[in-house]
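1. I need the structure of the sequence given here:
(one chain, ligands or ions: 1)
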Amino acid sequence: MTETNKKSLIIIGGGISGLSAGITWAINNDVKKDPVLIIEKNPKTGGFVTSYEREDYWFDTCQMLPNISDILEYLGIDMEFKKFKGYYMRIFHVNPDTDEVKLLELPSGVETFKNYLMEKYPSNASQIEKFLDYSREMYLELFKLKMELKFVDILKLLFTCPKIIKNGSKTFAEYFDQFNITEPNVKEIFNVFAEFAALPSERVAAIVPLSAMNSLLDGTFRTKGPFIEFSNKLEEHFKELGGELMLKTEVKKILVEGDQVKGVETEGGEQIFSDYVINTADTKLLMEKMIGLDIIRGLDKKYAQKVEEVKMSTSSMNVSLGLDDKIDLEALGLDCGYNVLTTGGDSYDRLFDAYERGEIGFSDQIFHVGVICPSLTTGGRPNLTIRITPMALGDWEELRKKDRKKYNERKEKWAKFFIDKVEKYMIPELSKHILVMDVSTPATYKRYSASPTGSIYGMAPYTDNFGRTRLKMRTPIKGLFNPKFVHGVFGALLAGMQANDMILNGKIMNGNARYQAS
Ligand SMILES: Cc1cc2nc3c(=O)[nH]c(=O)nc-3n(C[C@H](O)[C@H](O)[C@H](O)COP(=O)(O)OP(=O)(O)OC[C@H]3O[C@@H](n4cnc5c(N)ncnc54)[C@H](O)[C@@H]3O)c2cc1C
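-> Take a look at the predicted model:
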């Protein structure tokens, strides 16, 4: 082993989790003595937070953020974001039998949102108030949770986090039912937050959508320029702090000696050593391919069994459209964080059932998509993105490899299907304005992230893999951490800090699950 190929910390993956982990390490260590290296397989960092140019149009993958200012301040990132005023979300609820569209517009701000709902649905006003107040209190309890609970912490939780103790293992649907809200529109609104986690409300752990809802109500933001500027800023800062970055390098193997991590081996066969490795690539990829389940089983049978049981989140399809200058997107109310076009009711459950069979469940009767207009924030030529989950990898990858023509035909068929829906129910004559179209499929996400299932959010937050039951971040291999879990940029930033907090014995967050500025 030579001096130059030994690092104090190796991070696999240069997405937001990896960059956050790298910056946190560099802030808390003298990197000349304790070097940190990020290894990224793609030619650039950012992972799923990226932007791409097609014929003078800029398209983004990521679309909105909650308030992450505390974390960015800790990381030393100075960046201006646009905060959505007015509505942060609109739901277009379609009745496909009558073609009637009901529009539900959700205003920003916790109190404004609550008052709006109570006034609009007076018969359920007290139930809505109770639901929102209780959920807010439960969300705030998250800041008192510890990452790794000792016996004494569990006892303390009974007093500090009673609502989480009571509801931590409930699905969102079970949790919601306790409040006796009968208004179907209100149920529709709250279910949308469950679907942000790409799980139906009957499956998702209640705290995940409640957390998404509360953090977005505190403020919904997006970058003023293309989203890639955010990743670039993190990379730049990591390098400024002395962090090392290897691009176009794929980690193939984790080096393990006994129960201790020793480093990594790259695709080219280079071994780089370290007593600490943070993995931010797909969990199954790490456990099954880079380590091997037999090794994990040999160290901790229960952990290995949990790895086998863990389900990854869904994949996705994105239809990005470059439009002509004649379309007035602002007049269409598109200057808001997120629009949901849905047939509502149990649509998402049925789409999810199809997804679990590896099929596409979208039809004229059942659909549920996000519609976002980045250009009203970023400037540049008018554009629109249609975001579709749940989508299974199915045979998308196989088709792409074996028959590119058929793959493209299928891609275009589905893109047309989703454009037609948006045109019919949301943006009249949309197709007349389209000049450029770029479509990504589950095969794109698999290729880009190396996730075997093309999963876009890491592990899925089912109730049996959440909180105390989640696959532990500290793996049975000493020095190896697998922090990526709660989906989204906020979760990714936090994951990088949490893993460092474990390595540095609570120096960053005092063992807490959430970061709170002192
Ligand atoms: C289309 C889309 C839209 C989204 N919209 C939003 C949104 O609006 N708001 C929001 O908060 N979140 C959104 N997300 C989710 C968010 O982008 C992700 O949760 C977050 O970026 C995950 O960051 P990460 O670093 O944990 O993982 P990733 O971004 O997946 O990064 C992991 C990195 O590891 C690299 N890697 C993988 N295997 C290896 C290997 N063997 N060796 C070296 N490197 C490897 C990958 O190339 C990748 O760069 C969206 C995601 C997608 C796909």
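2. quick check: residues of this structure near the ligand?
-> By the rule Cβ under 6 Å from any ligand atom, the part of the chain lying against the ligand is 12-18, 39-42, 47-49, 61-65, 250-251, 280-281, 316, 318, 445, 449-450, 456-457, 484, 487-490, 492. For every residue, glycine as well, the C-beta is placed using N, CA and C.
3. filter the residues you listed down to just the ones in helices.
-> 16-18, 445, 449, 488-490, 492 (DSSP state H).
4. closest one of the residues you listed to T223?
-> V489 (10.3 Å; Cβ to Cβ).
5. rewinding a little: and the two most separated of the ones in helices among the residues of the chain next to the ligand?
-> Y445 and F490 (20.0 Å).
6. please say which of those two ends up with more neighbours.
-> Set Y445 next to F490 and count neighbours by other Cβ atoms under 10 Å: Y445 wins out with 26 against 19.
7. now the strand or helix carrying V264 - C-alpha only, CSV.
-> Per DSSP states H and E: V264 is located in strand 260-266. Output of strand 260-266 as CSV, limited to C-alpha atoms (Å, rounded to 0.1, in the frame of the first residue of the first chain):
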residue,chain,number,x,y,z
GLN,A,260,-13.3,-3.9,8.6
VAL,A,261,-13.6,-1.9,5.4
LYS,A,262,-10.2,-1.4,3.7
GLY,A,263,-11.1,0.7,0.6
VAL,A,264,-12.4,0.2,-2.9
GLU,A,265,-11.4,-1.3,-6.2
THR,A,266,-12.3,0.6,-9.4
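8. what residues sit buried inside it?
-> 261-266 (16 or more other Cβ atoms under 10 Å).
9. what of stretch 105-124?
-> Quick answer for stretch 105-124 (16+ other Cβ under 10 Å): 106-108, 113-114, 117-118, 121, 124.
10. how about those, which pair is most distant?
-> Across the buried residues of stretch 105-124 (Cβ to Cβ), the longest gap, 21.3 Å, separates S108 and N124.
11. quick check: buried residues in the longest helix anywhere in the chain?
-> Of all segments of type helix in the chain, defined using DSSP H, the longest is helix 404-425. Within helix 404-425, the residues that qualify as buried by neighbour count (16+ other Cβ under 10 Å) are 407, 410-411, 414-415, 417-419, 421-425.
12. likewise stretch 185-201?
-> 185-201.
13. now do stretch 469-483
-> Quick answer for stretch 469-483 (16+ other Cβ under 10 Å): 470-471, 473-477, 479-483.
14. what lies in contact with that stretch?
-> Residues outside stretch 469-483 that contact it (Cβ atoms under 8 Å, 6 or more residues apart in numbering): 17, 21, 147-148, 169, 254, 256, 259-261, 274-280, 283, 286-287, 291, 295-296, 299-300, 303, 306-307, 310, 459, 463, 465, 485, 495-496, 498-499, 502-503.
15. name the SS class of the residue nearest to S108 when sequence neighbours are not counted, please.
-> Distances taken as Cβ to Cβ, 6 or more residues apart in numbering put Y88 closest to S108, at 4.5 Å, once the chain neighbours are dropped. Assigned with DSSP: H, G, I helix; E, B strand; the rest coil, Y88 falls in the strand class.
16. give me the neighbour count for Y88.
-> 22.
17. right, and it touches D335 too?
-> No - using Cβ atoms under 8 Å, Y88 makes no contact with D335, being 10.9 Å away.
18. burial measure for the closest residue to the ligand within the stretch 201-350 of the chain, as a count.
-> Per Cβ to the nearest ligand atom, A281 is where the stretch 201-350 of the chain lies closest to the ligand, at 3.3 Å. A total of 26 residues lie near A281 under the criterion other Cβ under 10 Å.
19. ok, Q365 next?
-> 11.
20. quick check: T385 is in a strand.
-> Yes - assessed with three-state DSSP, T385 lies in a strand.
21. where does the protein have low pLDDT?
-> Applying pLDDT under 70 to the chain flags residues 1-4.
22. tell me the domain ranges of it?
-> 9-52+227-311+457-503, 64-108+315-450, 110-209 (automatic domain parsing).
23. how far out from the middle of the chain is the second one?
-> It stands for domain 64-108+315-450. 15 Å (Cα atoms, centre = their mean, to the nearest Å).
24. ends of that domain, what's the gap?
-> 24 Å (Cα to Cα, to the nearest Å).
25. what helix or strand does the closest residue to I295 other than its chain neighbours sit in?
-> Once flanking residues are discounted, I295 sits nearest to V256: 6.2 Å by Cβ to Cβ, 6+ apart. Using DSSP H and E, V256 sits in strand 251-257.
26. within the sheet, what are the partner strands of that strand, with directions?
-> Each strand paired with strand 251-257, and its direction, by DSSP bridges: strand 260-266 (antiparallel).
27. beyond the strand it pairs with, next helix or strand please.
-> Next along from strand 260-266, by DSSP H and E: strand 271-273.
28. what residues sit buried inside that next one?
-> Applying 16+ other Cβ under 10 Å to strand 271-273 flags 272-273 as buried.
29. list the contacts of that strand.
-> For strand 271-273, using Cβ under 8 Å, 6+ apart, the contacting residues are 1, 5-7, 10, 37, 39, 255, 262-266.
30. how far off centre is stretch 253-273?
-> 28 Å.
31. quick thing: my sequence starts at 45, can you match it?
-> Taking 45 as the first residue, the last one we looked at is stretch 297-317.
32. what residues sit buried inside stretch 497-509?
-> Applying 16+ other Cβ under 10 Å to stretch 497-509 flags 497-507, 509 as buried.
33. span of that stretch from start to end?
-> End-to-end span of stretch 497-509 (Cα to Cα): 18 Å.
34. quick revisit: out of the buried residues of stretch 229-245, which sit inside helices?
-> In helices, defined here by DSSP H, the members of the buried residues of stretch 229-245 are 229-240.
35. just those residues now: which is nearest I371?
-> Nearest to I371 among those, counting by Cβ to Cβ, is V236 at 25.7 Å.
36. that closest one against V384, yeah?
-> Yes - under the criterion of Cβ under 8 Å, V236 makes contact with V384 at 5.5 Å.
37. residues in contact with both of those two, list them for me.
-> Common neighbours of V236 and V384 (Cβ under 8 Å, 6+ apart) are 133, 135.
38. before we move on, the earlier item: farthest-apart pair in the contacts of strand 315-317, please.
-> Most distant of those, by Cβ to Cβ, are M45 and I83, 17.4 Å apart.
39. more crowded one of those two?
-> I83 (25 against 10).
40. which strand residues bridge the more buried one?
-> I56, M290.
41. ok, it - contacts?
-> Here I83 is in contact with 54-58, 290, 293, 295, 308, 310, 316 (criterion: Cβ under 8 Å, 6+ apart).
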